[in-house]
Each structure stands twice: as C-alpha cells, then as structure tokens.
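> Pasting the sequence and the predicted coordinates here, then a few questions.
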Amino acid sequence: MLLQLTAALLYYTSLVSGQQRCSYVTVPVCGDDVNNVTPGSLISGRSEKGVAGPPGKMGPSGFTGQKGDIGAVCLKGDIGPPGEVGLRGFPGLKGEKGAVGQKGEALDLEDFKREIRERFLEIENLLPAVNCSTSSVSGYQRLRNYKKAVCDNGWTVFQRRFDGSVDFQRTWQEYKDGFGKMEGEFWLGLDKIFELTSGQNCKLKIKMTGFDDTTPYAQYKKHKGKGKVCPGRPKINRKTPTKNVFRFRSSFAIDDESENYRLHVSGFSGTAGDSLDGHSNGSPFTTKDRDNDR
C-alpha cells in the first residue's frame, strides 16, 4: 500500500514538473482498498480553499540605506520685470468738520515786544561777542567776526606790557602790523587801531601798576561841545566842495598811515598824570627807523 501511495505522489510530481496545472484530492484509503487507488483516482477535481492561517510575525527591519549625494544648487533666476501700476483707488470720504476752538486772548503788543527782546538776548548770549564793548568776558577771545582780541571789562586792549619779555624797540613796519602774542605782551598794530577808532566814539584808558601795587590810571573821554577836526565821517565843505573835512566824533583816534598815524586825544581824567593831551596830542607816530618828531 505504501508503494502505491509513493507511486501516486511521484506521478503528481512528474505532472507538476511537466509545467501542467493540476490539482488533487486526498482519498482516504483503508485496509485493502489501497490496492484500488490509482493515480487517476488521486488527481481528480479542485479541492476547497482552506481557512487562512494566522499572519506570521513581522520580520526584522532592514538595514538603513546610505545617504545620497547632495544635489546641485540651482542658480537664482533673474528678477522679473516690475508689474504694471494698479488703478488709482477711489477717493476717501470727507471727514467730519472739527469742533471750533476757543477764542484766544488779545495779545498785548508791549508784552510781545518785551518777549521778542528777551528771546533775542538769549540768542545773543549764545553767540560770540561782536567786539569787546559787548563782551562780558575778560582776556583773550575770538569775536563774532572771527578776529582775535584781548578784552578787559568791555575795553579792547591794544597794548600790554608787564614783564619785559617782549622787546618794544621795533621798526615802523612791525608797529604797523603788530607783534608779540596776545596771551602775553603784545602790540595790536597801528592799522588795526585805526580801524577800531575811525568814525567811532572811542575812549582811551591807560592802566598802570606800581611797584607798591598801586594802580593809577589815565582816561580820555569825550567832553560836551563841538569836537575837534580829525578822522571820522566825511562832511563836504559847501564853500570848497573839492575838500573833505572830517569831523572828530571821538575822544581818542589816530589817522591812517598817509598821516603817519597822527594821534588825537582829549578829555583827560584819572589818578595818573596827563602825558598825552598837552604834549603828544596831534603828534605823528615815531619809531627807531622812522623819526617823525623832527
């Protein structure tokens, strides 16, 4: 019987290996009935599908693949042309009218003028002084016209000597241009003194300090009455129109170089002696290389 079953299985195997689609059923064989089993009786109709078995266990995870190469970086494209200007929007609705403000108080003209003056004075104090007469600072400083000057309580200092560090035995040209340093001993210069006094109402003050620390001074200021004839504002002489007569308006002034810087001074007062009004008034300037006293 076992030999017959083996033969049937071999026969089925040969059918499968022969690339033939076959199906078979198992025929129960009991006792001597195995002799009646033939290959044809084993391979008969299609059998019924069995019940699906339970799913198998999940297999282990596969190995992680290698990281791929980085792709090439693409070039940035060109900027596209600007779009067309859109249509103008509709105008907005007109807003509501605001509330009427309260009526202001009437402006006092005098108060307004006083406030304007105060504002101008505040601005004036922030700017450099126009000259020493408007300056509240004493010492070396730069004026509003970018010129340098030494001021002393409103006075313009044009000569200062105190320690003998500067030689004042100078030539005509040096006295014309000026010499020394304004931080120490100096002479401002005849041209600059003429510019300061010409046509101006100027006063002259000479301050001295003695060895006993006394401080005598001499001051020349304008007297009441008519002035003297010297440089000032020109006035045409009606009788002789070809000549210009200059009316003196100051107690201290000098002529220009064409008149050898002639001195004009009057109105002495002070605690020192008067060495200018009686002797040097009207005299030209003199230096070691240009004697104008003869």
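It's in.
> Show me what stretch 265-284 is in contact with.
Here stretch 265-284 makes contact (Cβ atoms under 8 Å, 6 or more residues apart in numbering) with 204, 206, 208, 216-223, 228, 251-252, 259-264, 292-293. C-beta coordinates here come from the backbone N, C-alpha and C atoms, glycine included.
> What's the PyMOL line that selects buried ones from those residues?
To isolate the buried ones among the contacts of stretch 265-284 in PyMOL, judged by 16 or more other Cβ atoms under 10 Å, type:
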select buried, resi 204+218+219+220+221+222+228+251+252+260+261+262+263+264
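> Just to be careful, could you list which of the contacts of stretch 265-284 are in helices?
Assigned to helices by DSSP state H, none of these qualify.
> In strands, which of the contacts of stretch 265-284 appear?
204, 206, 217, 218, 219, 220, 252, 263, 264 (DSSP state E).
> And the pLDDT at the third one?
The predicted local distance difference test score for residue 217 is 91.
> same deal with the second one?
The predicted local distance difference test score for residue 206 is 92.
> wait, doesn't it sit right on residue 217?
Yes - between residue 206 and residue 217 there is a contact under Cβ atoms under 8 Å: 6.3 Å.
> How many neighbouring residues does residue 265 have?
23 (other Cβ atoms under 10 Å).
> Report the beta-bridge partners for it.
residue 252 (DSSP bridges).
> got the contact list for residue 161?
168, 185.
> whoops, residue 219 was the one
203, 204, 205, 206, 268, 269, 270.
> What separation do you get for it and residue 153?
Counting by Cβ to Cβ, to the nearest Å, the separation of residue 219 from residue 153 is 13 Å.
> SS state for residue 133?
helix (DSSP: H, G, I helix; E, B strand; the rest coil).
> That one and residue 152 touch, don't they?
No - applying Cβ under 8 Å as the test, residue 133 and residue 152 come out as separate, 11.1 Å apart.
> These two: which has the busier surroundings?
Set side by side, residue 133 and residue 152 show more neighbours around residue 152, with 15 against 12, by other Cβ under 10 Å.
> Got phi/psi on the more buried one?
phi -140, psi 90 (degrees, to the nearest 10).
> Just give me the neighbour total for the residue lying closest to residue 171 once chain neighbours are set aside.
Counting by Cβ to Cβ, 6 or more residues apart in numbering, the nearest residue to residue 171 once its immediate chain neighbours are dropped is residue 289, at 4.9 Å. Other residues near residue 289 number 10, with proximity taken as other Cβ under 10 Å.
> follow-up on the earlier one: go through the ones in strands among the contacts of stretch 265-284 and say which is closest to residue 197.
Among these, residue 252 lies closest to residue 197 (Cβ to Cβ), at 6.2 Å.
> Name all residues that make contact with that closest one.
Taking Cβ under 8 Å, 6+ apart, one finds 197, 202, 203, 204, 220, 264, 265 in contact with residue 252.
> Reformat these into CSV and put distance to residue 53 next to each item.
What follows is the contacts of residue 252, written out as CSV (distance: Cβ to Cβ, whole Å):
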residue, distance to residue 53
197, 132
202, 132
203, 134
204, 135
220, 139
264, 141
265, 141
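> Mind picking the two most distant members of the residues you listed?
Going by Cβ to Cβ, the pair spanning the contacts of residue 252 furthest: 203 and 264, at 12.5 Å.
> any idea how far residue 158 is from residue 259?
Taken as Cβ to Cβ, the span from residue 158 to residue 259 is 18 Å.
> now swap in residue 173 and tell me
17 Å.
> ok, residue 161 to residue 122 distance?
Counting by Cβ to Cβ, the gap from residue 161 to residue 122 is 39 Å.
> Walk me through the domains of the protein.
Per the record, the chain has its domains at 2-42, 196-294, by automatic domain parsing.
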